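Novice: Here you go, sequence then predicted model.
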Amino acid sequence: MSAYRAAFSAAAEDPDTFWLEAAAAVDWVVPPTRALDDSSPPFYRWFPGAALNTCYNALDRHIEAGHGERTALIYDSAMIGTAQSFTYTELCEHVATFAGALAAHGVGAGDRVILYMPMIPEAVVAMLACARIGAVHSVVFGGFAAKELAARIDDARPVALVTASGGLEPGRTVEYLPLIASALEMSTSPPSVVIVKNRPQIGGALPAGWLDWDSVTADAEPAAPVTVSATDPLYILYTSGTTGKPKGVVRDNGGHAVALTWSMKNIYDVGPGQVMWTASDVGWVVGHSYIVYAPLLVGATTVLYEGKPVGTPDAGAFWRVIDDHKVRALFTAPTALRAIRKVDPDVALLADHDVSSLETLFVAGERLDPDTYEWASRILDRPVVDHWWQTETGWAICANLRGLEPMPIKAGSPTVPVPGFRVGIVDENGGPVETGDEGNIVIALPLPPGTLTGLWNDDERFVKSYLTAFDGYYLTGDSGFIDADGYVSVLGRTDDVINVAGHRLSTGSIEAVVASHPAVAECAVIGIHDDIKGQRPSGYVVLKAGKEIDEATLRSELVAMVRDQIGAVATFRDVTVVQGLPKTRSGKILRKTMRQIADGDEVIVPSTIEDVSVLDALRRL
């Protein structure tokens, strides 16, 4: 039996033994004696009765083991042209001091703290400081609209809010203080403490009563780690695109530490002293898991990057960071690769940098279309590993486990289910489908450690959102299939499956064809209303830099390609060339919003949108 198959079977057949063995890699104050508490389904808990501190596991234990001088964090800011490194000892000192400052201002175990921060070291420090004293952090993107921030404040009811004077974006600065002041005015449950890290690049006087980060830490007593139960919450993370009452995903301490520690070795093949760079933002789950917690839990070095894949200053930014910091594993989103390809399709800028340290490129956040996969594989001559996961799961559902057993890569597939995730495909009635047939992707309960334990103060919504569609299963909301080799293919959200004259078609399949055209940098295909067929696919295309093609010619070629590879049943004939696609800050294309615009429906602009002007351009088409 292969290493993967053995691990998968062990996790499925005897999860208690499997996860207790994995838990041995974590330092416990009270070690677990059993892994799973399944006494109150569907509310499962991992490592009941055990106790630990996540911050201690991320920092102190490495210092106590004699590795205090190892680099923990590299801050690389393309926005201000500087890089700064922190050893484990230095980072721990900063964290303990800020934890002491929080405690001195009334923050204790179980209290919530909102973090509204840019990509600066203090964001990492604040997250770990909350974990150190048992407080529950909830990171909200710096620059989020005041109304959305107020909604999250009212849901989490924080004791404190930690922020900075502003964030830096290419060509502009975003002042946070007016946004926060407005949010606090709207809120019915404003925090009693606001702490601000002043950035030299963005000044601004603090409102009366707000505290300066440097002042509160100047004489703070460092705080020791506080022991919490494994089942206590570590953080709340509100899902992107939420409207109305926000949906706060809750992550626990024990299951989270065990799962992420296991994943670093077995999925990413990164260990002590090696450098992992997750080119994301701490506002996303990817940033929580693989910028902050997972690399530090295993004693690795993590890179915190403030910048963009292009424009800061050019499309060689990623190659520079790999070169400068000898990155072993890079984790980014497909949209970042497509942005680089659009500006520098022949990767002329790659020749300026030595990327020989890079072992693997990991991609998640959106489906990695085969064309982008082929391009990235060719230019880097490294494994390009798609893997699939969600805010709710906290780590990969499906992956090519590079540390456990590397497998052949199939373009368009995130490979196989990770041990602990029992993935299935069911039809609309919950019945099994034939191998290779498309259906709803579900995960058998209980979910493995590290996944959500519920929604903040909303058990009813948790059950209704994820657990009622198919009895005994967690609903991922994605459609796809499993082939004869056990490889999973994720075709898109279930609401991206369209019905054309009675035929169910995946817009993801059509997108894969459109994206393979040599002039196309990226694309989105949505289903729009059709009086005769019910729905029909409509494509929106962004061209590569320097590619000039008549729109009518492009349309003709794309229609012929879709007809040849999907079939005439797709009735694909609508193609529109656009300057950009509307996306969230994590790189997900806002297809639902595009459908609303195309069908003339009321458009609810998601709070996580990257650039509202792109939506305005679509409205004018």
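Specialist: Everything's here; your move.
Novice: What residues sit buried inside the longest helix along the chain?
Specialist: The longest helix of the chain (DSSP state H) is helix 88-104. By neighbour count on 16 or more other CB atoms under 10 Å, the buried set for helix 88-104 is 88-89, 91-103. Heads up, the C-betas are built off the backbone N, CA and C, glycines and all.
Novice: try stretch 386-401
Specialist: Buried-residue list, stretch 386-401, by 16+ other CB under 10 Å: 386-401.
Novice: Could you work out the end-to-end span of that stretch for me?
Specialist: The straight-line separation of the ends of stretch 386-401 (CA to CA, to the nearest Å) is 11 Å.
Novice: which element is residue 163 on?
Specialist: For residue 163, the enclosing helix or strand under DSSP states H and E is strand 160-164.
Novice: so residue 7 sits in a helix?
Specialist: Yes. The assignment for residue 7 by DSSP: H, G, I helix; E, B strand; the rest coil puts it in a helix.
Novice: count of neighbours near the closest residue to it other than its chain neighbours?
Specialist: Nearest non-adjacent residue to residue 7, counting by CB to CB, 6 or more residues apart in numbering: residue 419, 4.4 Å away. Neighbours of residue 419 under the rule other CB atoms under 10 Å: 24.
Novice: For residue 87, give its distance to residue 56.
Specialist: Separation of residue 87 from residue 56 (CB to CB, to the nearest Å): 17 Å.
Novice: More neighbours: which of those two?
Specialist: Taking neighbours as other CB under 10 Å, residue 87 and residue 56 compare with residue 56 leading, 21 against 18.
Novice: Now do the same for the more buried one: helix, strand or coil?
Specialist: helix.
Novice: tell me, how many neighbours does the nearest residue to it once chain neighbours are set aside end up with?
Specialist: Leaving aside its sequence neighbours, residue 56 sits nearest to residue 225 (CB to CB, 6+ apart; 4.0 Å). Neighbour count of residue 225, defined by other CB under 10 Å: 22.
Novice: How about the backbone phi and psi for residue 309?
Specialist: phi -70, psi -20 (degrees, to the nearest 10).
Novice: Can you give the domain ranges for this structure?
Specialist: Under the assignment automatic domain parsing, the domains of the chain span 3-307+387-480, 501-619.
Novice: quick revisit: what sits up against the longest helix of the chain?
Specialist: Applying CB atoms under 8 Å, 6 or more residues apart in numbering, the external contacts of helix 88-104 come out as 55, 59-60, 62-63, 67-73, 86, 113, 121-122, 124-126, 128-130, 132-133, 135, 160, 195, 213, 216-217, 220-224, 299.
Novice: Ok, stretch 345-354 next?
Specialist: With CB under 8 Å, 6+ apart, stretch 345-354 has contacts from 314-316, 319-320, 322-323, 340, 379, 521, 544-546.
Novice: Could you pick out the buried ones from those residues?
Specialist: Neighbour-count burial (16+ other CB under 10 Å) applied to those gives 314-316, 319-320, 322-323, 340, 379, 521, 544.
Novice: what's the neighbour count on residue 592?
Specialist: 15.
Novice: what's the first-to-last distance across stretch 318-331?
Specialist: End-to-end distance for stretch 318-331, by CA to CA: 11 Å.
Novice: Let me fix that, I meant to ask about stretch 597-606.
Specialist: 13 Å.
Novice: ok, back up a step: cross the contacts of stretch 345-354 against strands and list the overlap.
Specialist: Applying DSSP state E to those, the entries found in strands are residue 521.
Novice: Which one of the contacts of stretch 345-354 is nearest to residue 229?
Specialist: residue 322 (39.8 Å; CB to CB).
Novice: Could you tell me how far the closest residue to that closest one other than its chain neighbours is located from residue 335?
Specialist: In space, and not counting its chain neighbours, residue 322 is closest to residue 355: 4.7 Å by CB to CB, 6+ apart. Using CB to CB, we find residue 355 at a distance of 20 Å from residue 335.
Novice: cool, residue 326 as well?
Specialist: Distance, residue 326 to residue 335, by CB to CB: 25 Å.
Novice: Compare neighbour counts for these two and give me the winner.
Specialist: A side-by-side neighbour count of residue 326 and residue 335, using other CB under 10 Å, places residue 335 first with 22 against 14.
Novice: how much space is there between that one and residue 308?
Specialist: 11 Å.
Novice: Just give me the neighbour total for residue 426.
Specialist: 17.
Novice: beta partners of it?
Specialist: residue 432, residue 440 (DSSP bridges).
Novice: about what we covered before: out of the contacts of stretch 345-354, which are inside helices?
Specialist: Counting by DSSP H, the contacts of stretch 345-354 place 319-320, 322-323, 340, 379 in helices.
Novice: Tell me the secondary structure at the residue positioned nearest the centre of the chain.
Specialist: For the chain, the residue nearest the mean C-alpha position is residue 286 (3.1 Å; CA atoms, centre = their mean). Under the three-state scheme (three-state DSSP), residue 286 adopts helix.
Novice: returning to what we had before: just list the residues touching the residue nearest to residue 322, thanks.
Specialist: Shown in contact with residue 355 (CB under 8 Å, 6+ apart): 319, 322-323, 380.
Novice: isn't the residue nearest to residue 56 right up against residue 58?
Specialist: No. Between residue 225 and residue 58 there is no contact under CB atoms under 8 Å: 10.0 Å.
Novice: sorry, back to before: would you mind listing the residues in contact with the residue nearest to residue 56?
Specialist: Residue 225 is in contact with 53, 55-56, 60, 132, counting by CB under 8 Å, 6+ apart.
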